[in-house]
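Trainee: the sequence and its predicted three-dimensional model are supplied below.
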Amino acid sequence: SSFVLMRMRNCFYVDKTPYIKRLIESGSFVQLITRPRRFGKSLFLDTLRTYLAVNPANPEDVSRQKVLFENLAIAEDAEFCRTYMGRVPVFFLSMKGFTGPSFSYALGKICKKIAAAVNEYSYLLESPRLTDNEKGTLQDYFALNSSSLLADERRAWLTASSFLPDILYCLTKHFGRPAMLLIDEYDVPLEKAASSGYYAEMRNFIRDFLSVLKPEDAPLAGGLPVLEKAVLTGCLRVSKESIFTGVNNFSVNTVCSTNENLAASIGFTEDEVKKLLNYYGLADRSKDVKAWYDGYRFGSSEIYSPWDVLSFCQDALASNDAKTAEPDNYWINTSSNDAIDEFLGFLTEEDAGRMQTLLDGGSIELNINEQLTYSDFVQHKSEDFWTLLLFTGYLTVDKYLGGKNYLLRIPNEEIRQTFRSRVSARFSSQNAAFAAHGIKLAEAAVTGNASRMAEVLEPLLRTYVSVRDSATRAPAENYYHGFLSALFACAGSRIQDFRSNAESGNGYADIIFSSGSGPDRCGVVIEIKRAARQEDLPDAVDEALRQVDKKDYSEALRRIRCSKYFAYGIAFCGKTCEVGGGELKQIAR
């Protein structure tokens, strides 16, 4: 992902520099580019940073850029280079590490990352153009990783969320030119927060953190706006209303976009792949490479997966015979398949038919929800499942049909193999036996049979749970929470509205789902606890049920108009458990 290292080491570089000018002159104040992982987003942003960034020691010196960009397409545009090459104050930040098992933990990592990033700009502390107060504000960020600050979550939030306006203000005032902001992996914190149960907190923080993108919230430095342009990259578009509310002149280029301006800026085109294969003497392998790693369509551009093409070339050249080396599936080992695994338990018969059509090489017509958020995934809606697969690279657009409707297909043989292996594993005979237990557990839950739920769980705990499974640094209930979620996922169409860490009442319920329809529709809420000793299990169950009552977790069930409500407290201790509860009126205060 380092443009400088690639050029210094004389690596083969697929020239994407023509897109620098297109991006800068696009007229968009905020440009978001979404592509699947392993497609080269980070390298593209690093190339942009290297081209633009001013030399703080000598702002007039662009000799480094001239060497690095020699013989590349952008260097041929002398006028553009005079205006932008090495002339712009730039702040670059990857948000990939803004994650953790809890919001407090993630906020601590965010503070430490900011403290590390600001070190690159220590020269601003000596700037003759900044006042002592402005330098003092900047100095606070160097100490953002101090233990006393991290212990105060509110103070850490306020300090960290003010960082971007402050650093951009100092850069603009020091250099006398508005800065550019480049942010990579902007959606990773939201993805991890959704899966760990603190999405709302992270969404609110990111909204504050990126408030500099709203002109009315950004300061002025010597009469100049502090931000000339912002470029963000990620996998998912994420609803504008979730974190980009109030951002004007906001342009998005996704895997569904018909705008050709940036369509081929990330990923390899067919011509680029041909040049690569010719360079390494692998031209005879073009058909294999096309069948296995091509097939993506962004706008009207035919795009290959860069990581897979490069991995194949490397392995083929290292083999005994590059002309006969078998193509390999690199995607399955480098991209998370959790999305497929989780949703397979919730596919309807119609979805299963679509999956078979895709595996057979056909296309399926679908309504794509480009405005979804990561928090939507817990609802396991079919539309969101297919949208997620499209944005993460498991599917591609075959044809745009108008509105929100698209024809989608599996892009190539590598992804088809990935689907087959995941589907096969999910519905193997071993998993089919496991799934039967999930059905029994769900049936007991929707009939108020707590003792039957315990009967189903206890033999499974002895078989599947190791002491080491819960001996992690994460909250103790996390393993058991995942174990129960996997079981209920196996219940398939017998349950609906399944949500994990669902916002309900005055808090977040561990598990919520419904079953049935119409007047027979019932709802279930489950709170999970872990006891240190077996004799503490009954007290832990009682504590869980009191929490359901006190925090009114049944509120989510009332929203979906269930006619019956069941609440359970499930307490675990190693390989044993106890289940209490039943129809909600039995435990109400």
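Mentor: Perfect, thanks for sending it.

Trainee: need the contact list for residue 112.
Mentor: For residue 112, the contact set (C-beta atoms under 8 Å, 6 or more residues apart in numbering) comprises 144, 145. Using the backbone N, CA and C atoms, a C-beta is placed for each residue, glycine as well.

Trainee: relative to the whole chain's centre, how far out is the helix or strand harbouring residue 193?
Mentor: Per DSSP states H and E, residue 193 falls inside helix 188-196. The chain centre lies 7 Å from the centre of helix 188-196; the measure is C-alpha atoms, centre = their mean, to the nearest Å.

Trainee: now do stretch 409-419
Mentor: For stretch 409-419, the distance to the chain centre is 21 Å (C-alpha atoms, centre = their mean).

Trainee: contacting residues around it?
Mentor: Here stretch 409-419 has contacts from 291-296, 305, 308, 327, 329-332, 337, 340, 355, 358-359, 361-364, 393-396, 398, using C-beta under 8 Å, 6+ apart.

Trainee: immediately after the helix-or-strand element of the chain with minimal mean pLDDT, which helix or strand?
Mentor: Least confident helix or strand, the chain: helix 338-344 with a mean of 60, by mean pLDDT, DSSP states H and E. Using DSSP H and E, the helix or strand that follows helix 338-344 towards the C-terminus is helix 349-359.

Trainee: buried sites along whichever helix or strand comes after that next one?
Mentor: The helix or strand immediately downstream of helix 349-359 is strand 364-367, counting by DSSP H and E. By 16 or more other C-beta atoms under 10 Å, the buried positions in strand 364-367 come out as 364, 366.

Trainee: give me the distance from the helix or strand just after strand 364-367 to the chain's centre.
Mentor: Next helix or strand after strand 364-367 toward the C-terminus (DSSP H and E): helix 382-391. How far helix 382-391 lies from its chain's middle: 13 Å, per C-alpha atoms, centre = their mean.

Trainee: the helix or strand that helix 382-391 is followed by vs helix 382-391, what angle?
Mentor: Counting by DSSP H and E, the next helix or strand C-terminal to helix 382-391 is strand 396-402. Using axes from the mean of the first three to the mean of the last three C-alpha atoms, to 10 degrees, the inter-axis angle of strand 396-402 relative to helix 382-391 is 120 degrees.

Trainee: quick one: strands adjacent to strand 396-402?
Mentor: If you go by DSSP bridges, strand 396-402 pairs up with strand 405-409 (antiparallel).

Trainee: pull the helix holding residue 193 out as PDB, backbone CA atoms only.
Mentor: Output of helix 188-196 as PDB, limited to C-alpha atoms (Å, rounded to 0.1, in the frame of the first residue of the first chain):
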ATOM      1  CA  VAL A 188     -14.200  -0.200   9.400                       C
ATOM      2  CA  PRO A 189     -15.000   1.300  12.800                       C
ATOM      3  CA  LEU A 190     -18.700   1.100  12.000                       C
ATOM      4  CA  GLU A 191     -18.500  -2.500  10.800                       C
ATOM      5  CA  LYS A 192     -16.700  -3.700  13.900                       C
ATOM      6  CA  ALA A 193     -18.900  -1.700  16.200                       C
ATOM      7  CA  ALA A 194     -22.000  -3.200  14.700                       C
ATOM      8  CA  SER A 195     -20.700  -6.800  15.200                       C
ATOM      9  CA  SER A 196     -19.600  -6.000  18.800                       C
END
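
Trainee: flag every buried residue along the next helix or strand after that helix.
Mentor: As assigned by DSSP H and E, the chain's next helix or strand after helix 188-196 is helix 199-209. Neighbour counts over helix 199-209 (16+ other C-beta under 10 Å) mark 199, 201, 202, 203, 205, 206, 207, 208, 209 as buried.

Trainee: quick revisit: next, the buried residues of the helix holding residue 193.
Mentor: Neighbour-count burial for helix 188-196 [16+ other C-beta under 10 Å]: 188, 189, 190, 191, 192, 193, 194, 195, 196.

Trainee: make JSON lines out of these and add pLDDT and distance to residue 176.
Mentor: Listed next are these as JSON lines, based on pLDDT from 0 to 100; distance: C-beta to C-beta, whole Å:
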{"residue": "188", "pLDDT": "87", "distance to residue 176": "34"}
{"residue": "189", "pLDDT": "90", "distance to residue 176": "33"}
{"residue": "190", "pLDDT": "87", "distance to residue 176": "35"}
{"residue": "191", "pLDDT": "82", "distance to residue 176": "38"}
{"residue": "192", "pLDDT": "84", "distance to residue 176": "39"}
{"residue": "193", "pLDDT": "86", "distance to residue 176": "38"}
{"residue": "194", "pLDDT": "80", "distance to residue 176": "42"}
{"residue": "195", "pLDDT": "76", "distance to residue 176": "44"}
{"residue": "196", "pLDDT": "81", "distance to residue 176": "43"}
